[in-house]
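In: My questions concern the predicted model and sequence given below.
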Amino acid sequence: MIPGMPGDSLVYLNGEFTRADQAKISVLDRGFIFGDGIYEVVPVYRGKAFRMAEHLDRLERSLAAIRIAAPMPRAELIAIIERLVAASSSPTCMVYLQITRGVYKRDHAFPAEAIAPTVFAMVTPMVPPTEKQREEGLGLVSIPDERWLHCEIKSVSLLGNVLARQQAVDAGVDEVAQFRDGFLTEGSSSNVWVVRDGKLLAPPKNHLILEGIRYGLMAELAQAAGVAFESRPIARAEVESADEIMITSATKEVLPVTRLDGKPVGDGRPGPVYRKLRAGYDARIAAL
Ligand code: PDD
(Lines give C-alpha, C1' and ligand atoms only; values in the text may rest on other atoms or scores of the structure.)
Protein backbone atom coordinates (compact mmCIF):
# COMPACT_ATOMS: atom_id res chain seq x y z
CA MET A 1 0.00 0.00 0.00
CA ILE A 2 1.09 3.56 -0.68
CA PRO A 3 0.10 5.75 2.29
CA GLY A 4 -2.63 8.18 1.23
CA MET A 5 -3.23 6.53 -2.18
CA PRO A 6 -6.07 4.14 -2.97
CA GLY A 7 -4.19 0.88 -3.67
CA ASP A 8 -6.25 0.07 -6.73
CA SER A 9 -5.57 3.42 -8.49
CA LEU A 10 -4.56 2.86 -12.07
CA VAL A 11 -1.33 4.49 -13.25
CA TYR A 12 0.60 4.51 -16.52
CA LEU A 13 4.32 3.78 -16.52
CA ASN A 14 6.47 3.30 -19.63
CA GLY A 15 3.88 1.69 -21.85
CA GLU A 16 1.90 -0.19 -19.21
CA PHE A 17 -1.21 0.45 -17.18
CA THR A 18 -0.86 -0.94 -13.71
CA ARG A 19 -1.96 -0.45 -10.09
CA ALA A 20 -0.20 2.42 -8.30
CA ASP A 21 1.23 0.06 -5.70
CA GLN A 22 2.63 -2.23 -8.41
CA ALA A 23 4.39 0.44 -10.52
CA LYS A 24 8.16 0.50 -9.99
CA ILE A 25 10.99 2.61 -11.39
CA SER A 26 14.73 2.00 -11.25
CA VAL A 27 16.77 3.42 -8.37
CA LEU A 28 18.97 4.95 -11.07
CA ASP A 29 16.16 6.88 -12.72
CA ARG A 30 17.55 10.37 -13.24
CA GLY A 31 14.32 11.81 -11.89
CA PHE A 32 15.05 10.06 -8.59
CA ILE A 33 18.81 10.71 -8.59
CA PHE A 34 18.94 14.31 -9.91
CA GLY A 35 15.36 15.58 -10.14
CA ASP A 36 16.13 15.52 -13.88
CA GLY A 37 12.63 15.71 -15.27
CA ILE A 38 9.49 17.77 -15.73
CA TYR A 39 5.82 17.44 -14.87
CA GLU A 40 2.31 18.76 -15.41
CA VAL A 41 -0.88 18.88 -13.36
CA VAL A 42 -4.12 19.05 -15.36
CA PRO A 43 -7.46 19.53 -13.57
CA VAL A 44 -10.41 17.42 -14.72
CA TYR A 45 -14.08 18.26 -14.06
CA ARG A 46 -16.88 15.77 -14.73
CA GLY A 47 -14.39 13.65 -16.66
CA LYS A 48 -13.32 16.56 -18.90
CA ALA A 49 -9.82 18.01 -18.82
CA PHE A 50 -9.68 21.79 -18.35
CA ARG A 51 -7.32 23.60 -20.75
CA MET A 52 -5.59 20.38 -21.78
CA ALA A 53 -4.03 21.88 -24.92
CA GLU A 54 -2.41 24.69 -22.91
CA HIS A 55 -1.06 22.17 -20.36
CA LEU A 56 0.40 19.98 -23.11
CA ASP A 57 1.93 23.06 -24.80
CA ARG A 58 3.67 23.86 -21.53
CA LEU A 59 4.77 20.23 -21.10
CA GLU A 60 6.43 20.44 -24.53
CA ARG A 61 8.10 23.75 -23.61
CA SER A 62 9.43 22.22 -20.38
CA LEU A 63 10.78 19.18 -22.25
CA ALA A 64 12.49 21.41 -24.84
CA ALA A 65 13.99 23.58 -22.07
CA ILE A 66 15.75 20.58 -20.53
CA ARG A 67 16.50 18.97 -23.89
CA ILE A 68 14.38 15.83 -23.66
CA ALA A 69 12.77 14.83 -26.95
CA ALA A 70 9.00 14.32 -26.79
CA PRO A 71 8.63 10.62 -25.92
CA MET A 72 5.44 10.15 -27.93
CA PRO A 73 3.04 12.10 -30.13
CA ARG A 74 0.60 14.32 -28.26
CA ALA A 75 -2.37 12.21 -29.35
CA GLU A 76 -0.88 9.18 -27.57
CA LEU A 77 -0.41 11.15 -24.39
CA ILE A 78 -4.01 12.32 -24.59
CA ALA A 79 -5.18 8.73 -25.08
CA ILE A 80 -3.29 7.68 -21.93
CA ILE A 81 -4.83 10.52 -19.95
CA GLU A 82 -8.31 9.66 -21.22
CA ARG A 83 -7.93 6.04 -20.23
CA LEU A 84 -6.77 6.97 -16.72
CA VAL A 85 -9.59 9.49 -16.30
CA ALA A 86 -12.14 6.92 -17.49
CA ALA A 87 -10.83 4.46 -14.86
CA SER A 88 -10.84 7.06 -12.06
CA SER A 89 -13.27 6.54 -9.21
CA SER A 90 -13.80 10.30 -9.14
CA PRO A 91 -14.81 12.28 -12.29
CA THR A 92 -13.40 15.44 -10.69
CA CYS A 93 -9.73 14.65 -10.48
CA MET A 94 -6.27 15.79 -11.43
CA VAL A 95 -3.92 14.25 -13.92
CA TYR A 96 -0.26 14.19 -12.92
CA LEU A 97 2.22 13.62 -15.76
CA GLN A 98 5.94 13.22 -15.23
CA ILE A 99 8.72 12.66 -17.75
CA THR A 100 12.31 12.15 -16.68
CA ARG A 101 15.49 11.73 -18.72
CA GLY A 102 15.46 8.01 -17.97
CA VAL A 103 17.74 5.43 -16.37
CA TYR A 104 21.54 5.47 -16.69
CA LYS A 105 24.76 5.13 -14.70
CA ARG A 106 24.95 8.08 -12.31
CA ASP A 107 26.73 10.96 -14.02
CA HIS A 108 25.62 14.59 -13.97
CA ALA A 109 26.10 15.00 -17.73
CA PHE A 110 23.36 13.76 -20.04
CA PRO A 111 23.77 10.04 -20.90
CA ALA A 112 26.30 9.54 -23.71
CA GLU A 113 23.92 7.23 -25.59
CA ALA A 114 20.24 7.51 -26.45
CA ILE A 115 18.04 6.27 -23.59
CA ALA A 116 14.29 6.10 -23.25
CA PRO A 117 12.72 8.74 -21.03
CA THR A 118 10.61 7.52 -18.12
CA VAL A 119 6.96 8.42 -18.70
CA PHE A 120 4.59 8.29 -15.77
CA ALA A 121 0.97 9.39 -15.41
CA MET A 122 -1.61 9.07 -12.66
CA VAL A 123 -5.01 10.43 -11.80
CA THR A 124 -5.94 11.31 -8.23
CA PRO A 125 -9.24 12.64 -6.86
CA MET A 126 -9.34 16.44 -6.67
CA VAL A 127 -11.25 18.39 -4.07
CA PRO A 128 -12.06 21.80 -5.56
CA PRO A 129 -11.86 24.80 -3.22
CA THR A 130 -14.43 24.72 -0.45
CA GLU A 131 -17.13 27.30 0.17
CA LYS A 132 -15.22 28.34 3.32
CA GLN A 133 -12.04 28.97 1.30
CA ARG A 134 -14.00 30.97 -1.26
CA GLU A 135 -15.83 33.06 1.34
CA GLU A 136 -13.18 33.50 4.04
CA GLY A 137 -10.11 33.51 1.81
CA LEU A 138 -6.63 32.21 2.49
CA GLY A 139 -3.74 33.32 4.67
CA LEU A 140 -0.28 33.88 3.18
CA VAL A 141 3.09 34.50 4.76
CA SER A 142 5.78 36.41 2.87
CA ILE A 143 9.21 34.81 2.53
CA PRO A 144 12.36 35.40 0.48
CA ASP A 145 12.41 33.47 -2.81
CA GLU A 146 15.41 31.19 -2.46
CA ARG A 147 14.76 29.03 -5.53
CA TRP A 148 16.87 28.71 -8.66
CA LEU A 149 16.64 31.04 -11.66
CA HIS A 150 14.68 28.81 -14.04
CA CYS A 151 11.29 28.85 -12.36
CA GLU A 152 9.65 29.02 -15.81
CA ILE A 153 10.42 25.31 -16.27
CA LYS A 154 7.93 22.99 -14.58
CA SER A 155 10.75 20.89 -13.18
CA VAL A 156 10.37 18.04 -10.69
CA SER A 157 13.38 19.54 -8.84
CA LEU A 158 11.02 21.09 -6.30
CA LEU A 159 13.05 21.24 -3.10
CA GLY A 160 12.90 25.04 -3.00
CA ASN A 161 9.12 24.92 -3.42
CA VAL A 162 8.75 22.14 -0.84
CA LEU A 163 10.73 24.10 1.76
CA ALA A 164 8.75 27.23 0.93
CA ARG A 165 5.38 25.48 1.36
CA GLN A 166 6.49 24.02 4.68
CA GLN A 167 7.13 27.56 5.92
CA ALA A 168 3.45 28.28 5.24
CA VAL A 169 2.43 25.15 7.15
CA ASP A 170 4.75 26.06 10.02
CA ALA A 171 3.21 29.56 10.12
CA GLY A 172 -0.29 28.04 10.20
CA VAL A 173 -1.33 29.56 6.85
CA ASP A 174 -2.17 28.24 3.40
CA GLU A 175 0.57 29.46 1.06
CA VAL A 176 3.60 31.74 0.80
CA ALA A 177 4.13 34.92 -1.19
CA GLN A 178 7.74 34.84 -2.32
CA PHE A 179 9.80 37.98 -2.92
CA ARG A 180 13.07 38.28 -4.81
CA ASP A 181 15.04 41.53 -4.60
CA GLY A 182 12.00 43.28 -3.16
CA PHE A 183 9.58 42.17 -5.86
CA LEU A 184 6.75 39.62 -5.80
CA THR A 185 7.42 36.35 -7.64
CA GLU A 186 4.83 33.64 -6.81
CA GLY A 187 3.61 31.10 -4.26
CA SER A 188 5.16 27.69 -3.61
CA SER A 189 2.74 26.07 -6.07
CA SER A 190 0.56 28.91 -7.28
CA ASN A 191 0.68 32.29 -9.00
CA VAL A 192 -0.06 35.38 -6.91
CA TRP A 193 -2.19 38.31 -8.14
CA VAL A 194 -2.62 41.81 -6.74
CA VAL A 195 -5.44 44.34 -7.23
CA ARG A 196 -4.76 48.04 -6.82
CA ASP A 197 -7.23 50.78 -7.75
CA GLY A 198 -9.44 48.27 -9.55
CA LYS A 199 -6.58 47.02 -11.74
CA LEU A 200 -5.38 43.42 -11.77
CA LEU A 201 -1.59 43.07 -11.58
CA ALA A 202 0.66 40.04 -12.09
CA PRO A 203 4.44 39.72 -12.03
CA PRO A 204 5.97 39.57 -15.52
CA LYS A 205 6.20 36.22 -17.31
CA ASN A 206 9.90 35.53 -17.11
CA HIS A 207 12.38 33.05 -15.63
CA LEU A 208 11.42 34.05 -12.06
CA ILE A 209 7.96 32.48 -12.12
CA LEU A 210 6.12 29.55 -13.62
CA GLU A 211 3.63 30.85 -16.15
CA GLY A 212 0.56 29.12 -14.78
CA ILE A 213 -2.04 27.93 -17.22
CA ARG A 214 -4.32 30.21 -15.25
CA TYR A 215 -2.08 33.19 -16.09
CA GLY A 216 -3.50 33.46 -19.60
CA LEU A 217 -6.95 32.49 -18.35
CA MET A 218 -7.02 35.29 -15.74
CA ALA A 219 -6.06 37.80 -18.44
CA GLU A 220 -9.00 36.52 -20.55
CA LEU A 221 -11.40 36.60 -17.60
CA ALA A 222 -10.29 40.12 -16.65
CA GLN A 223 -10.88 41.35 -20.17
CA ALA A 224 -14.32 39.74 -20.33
CA ALA A 225 -15.22 41.32 -16.98
CA GLY A 226 -13.95 44.78 -17.96
CA VAL A 227 -11.11 44.67 -15.40
CA ALA A 228 -7.85 46.33 -16.49
CA PHE A 229 -4.87 43.99 -16.36
CA GLU A 230 -1.17 44.74 -16.28
CA SER A 231 1.81 42.42 -16.11
CA ARG A 232 4.70 44.27 -14.43
CA PRO A 233 7.13 44.04 -11.51
CA ILE A 234 5.20 44.44 -8.23
CA ALA A 235 7.10 45.94 -5.30
CA ARG A 236 6.65 44.54 -1.82
CA ALA A 237 5.02 47.74 -0.55
CA GLU A 238 2.39 47.43 -3.30
CA VAL A 239 1.53 43.90 -2.17
CA GLU A 240 1.37 44.96 1.48
CA SER A 241 -1.04 47.81 0.68
CA ALA A 242 -3.02 45.92 -2.01
CA ASP A 243 -6.81 46.23 -2.16
CA GLU A 244 -7.04 42.53 -3.01
CA ILE A 245 -4.70 39.57 -3.41
CA MET A 246 -5.53 36.26 -5.11
CA ILE A 247 -3.79 33.03 -5.92
CA THR A 248 -4.37 30.68 -8.84
CA SER A 249 -3.38 27.10 -9.62
CA ALA A 250 -4.80 24.01 -11.28
CA THR A 251 -6.17 22.78 -7.96
CA LYS A 252 -6.86 26.09 -6.16
CA GLU A 253 -8.53 27.56 -9.28
CA VAL A 254 -8.75 31.21 -8.16
CA LEU A 255 -9.00 31.99 -4.46
CA PRO A 256 -8.91 35.23 -2.49
CA VAL A 257 -6.14 35.97 0.00
CA THR A 258 -7.55 37.85 2.96
CA ARG A 259 -4.55 37.78 5.33
CA LEU A 260 -0.91 38.52 4.59
CA ASP A 261 1.61 38.13 7.41
CA GLY A 262 -1.25 38.13 9.92
CA LYS A 263 -2.70 41.46 8.68
CA PRO A 264 -5.95 41.84 6.73
CA VAL A 265 -5.72 42.40 2.98
CA GLY A 266 -7.95 45.38 2.11
CA ASP A 267 -11.00 45.08 4.35
CA GLY A 268 -10.11 41.47 5.13
CA ARG A 269 -12.85 40.07 2.89
CA PRO A 270 -12.85 38.72 -0.66
CA GLY A 271 -13.05 41.75 -2.95
CA PRO A 272 -15.13 42.76 -5.99
CA VAL A 273 -12.46 41.94 -8.57
CA TYR A 274 -12.06 38.45 -7.11
CA ARG A 275 -15.82 37.94 -7.28
CA LYS A 276 -15.94 38.90 -10.97
CA LEU A 277 -13.01 36.64 -11.90
CA ARG A 278 -14.35 33.80 -9.76
CA ALA A 279 -17.71 34.00 -11.55
CA GLY A 280 -15.90 33.87 -14.89
CA TYR A 281 -13.86 30.86 -13.77
CA ASP A 282 -16.95 29.02 -12.56
CA ALA A 283 -18.66 29.72 -15.89
CA ARG A 284 -15.70 28.26 -17.80
CA ILE A 285 -15.86 25.08 -15.72
CA ALA A 286 -19.63 24.84 -16.18
CA ALA A 287 -19.23 25.25 -19.95
CA LEU A 288 -16.70 22.38 -20.26
N1 PDD B 1 1.46 23.86 -9.32
N2 PDD B 1 3.69 28.42 -9.84
C3 PDD B 1 4.16 27.25 -9.36
C4 PDD B 1 5.51 27.23 -8.74
C5 PDD B 1 3.38 26.08 -9.45
O6 PDD B 1 3.86 24.92 -8.98
C7 PDD B 1 2.08 26.16 -10.01
C8 PDD B 1 1.18 24.96 -10.14
C9 PDD B 1 1.62 27.41 -10.50
C10 PDD B 1 0.28 27.56 -11.16
O11 PDD B 1 0.26 26.94 -12.43
P12 PDD B 1 -1.11 26.35 -13.03
O13 PDD B 1 -2.08 27.48 -13.10
O14 PDD B 1 -0.71 25.87 -14.37
O15 PDD B 1 -1.56 25.24 -12.12
C16 PDD B 1 2.47 28.51 -10.40
C17 PDD B 1 0.79 22.60 -9.50
C18 PDD B 1 -0.69 22.68 -9.32
C19 PDD B 1 1.47 21.55 -8.64
O20 PDD B 1 2.69 21.58 -8.59
O21 PDD B 1 0.77 20.71 -8.05
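Out: Now that the structure is in, tell me what you want to look at.
In: Can you name the residues of the stretch 1-150 of the chain that neighbour the ligand?
Out: With C-beta under 6 Å from any ligand atom as the criterion, the stretch 1-150 of the chain meets the ligand at residues Val41. Every residue, glycine included, has its C-beta placed from N, CA and C.
In: Mind telling me which residue of the stretch 1-150 of the chain is nearest the ligand?
Out: At 4.1 Å from the ligand, Val41 is the closest residue in the stretch 1-150 of the chain, using C-beta to the nearest ligand atom.
In: okay, now that residue: neighbour count?
Out: When neighbours are counted by other C-beta atoms under 10 Å, Val41 registers 18.
In: Now do the residue lying closest to it once chain neighbours are set aside against Arg278, distance only.
Out: Among residues not flanking Val41 along the chain, Ala250 sits closest, at 4.7 Å (C-beta to C-beta, 6 or more residues apart in numbering). Distance of Ala250 to Arg278, computed by C-beta to C-beta, to the nearest Å: 16 Å.
In: And those two? Which one has more around it.
Out: Neighbours were counted for Ala250 and for Arg278 using other C-beta under 10 Å; Ala250 has more, 22 against 19.
In: Ser39 - that's part of a helix, no?
Out: For the record, residue 39 is Tyr, not Ser. No: counting by DSSP: H, G, I helix; E, B strand; the rest coil, Tyr39 is not part of a helix but strand.
In: Which residues are in contact with it?
Out: Residues near Tyr39 by C-beta atoms under 8 Å, 6 or more residues apart in numbering: Ser62, Tyr96, Leu97, Gln98, Ile99, Lys154, Ser155, Val156.
In: Phi, psi for the residue of the stretch 151-288 of the chain found nearest the ligand please.
Out: Evaluated by C-beta to the nearest ligand atom, the stretch 151-288 of the chain has Gly212 as its residue closest to the ligand, separated by 2.8 Å. As for Gly212, its main-chain torsions (degrees, to the nearest 10) stand at phi -60, psi 150.
In: do the same with Val239
Out: Phi and psi for Val239, reported as degrees, to the nearest 10, are phi -70, psi -40.
In: My guess is it contacts Val194. True?
Out: Yes: applying C-beta atoms under 8 Å as the test, Val239 and Val194 come out as touching, 5.7 Å apart.
In: Give me the common contacts of the two.
Out: Leu184, Ile245.
In: other SSEs contacting the one helix or strand Arg275 maps to?
Out: Assessed by DSSP states H and E, Arg275 sits inside helix 272-286. Applying 3 or more C-beta pairs under 8 Å, 6 or more residues apart in numbering; DSSP states H and E, one finds that helix 272-286 contacts helix 213-224, strand 244-249, strand 253-260.
In: Give me whichever of the ones you listed is most buried.
Out: Ranked by mean neighbour count, the helices and strands packed on helix 272-286 are led by strand 244-249 with a mean of 25 (mean count of other C-beta atoms under 10 Å).
In: Need the residues that contact it.
Out: Residues outside strand 244-249 that contact it (C-beta under 8 Å, 6+ apart) are 138, 140, 175, 177, 187, 189-195, 212, 214-215, 217-218, 239, 254-257, 260, 265-266, 270-274, 277.
In: ok, so what distance separates the residue nearest to the residue of the stretch 151-288 of the chain closest to the ligand when sequence neighbours are not counted from Ala116?
Out: Excluding the flanking residues, the one nearest Gly212 by C-beta to C-beta, 6+ apart is Asn191, at 4.3 Å. Computed as C-beta to C-beta, the Asn191 to Ala116 distance reads 33 Å.
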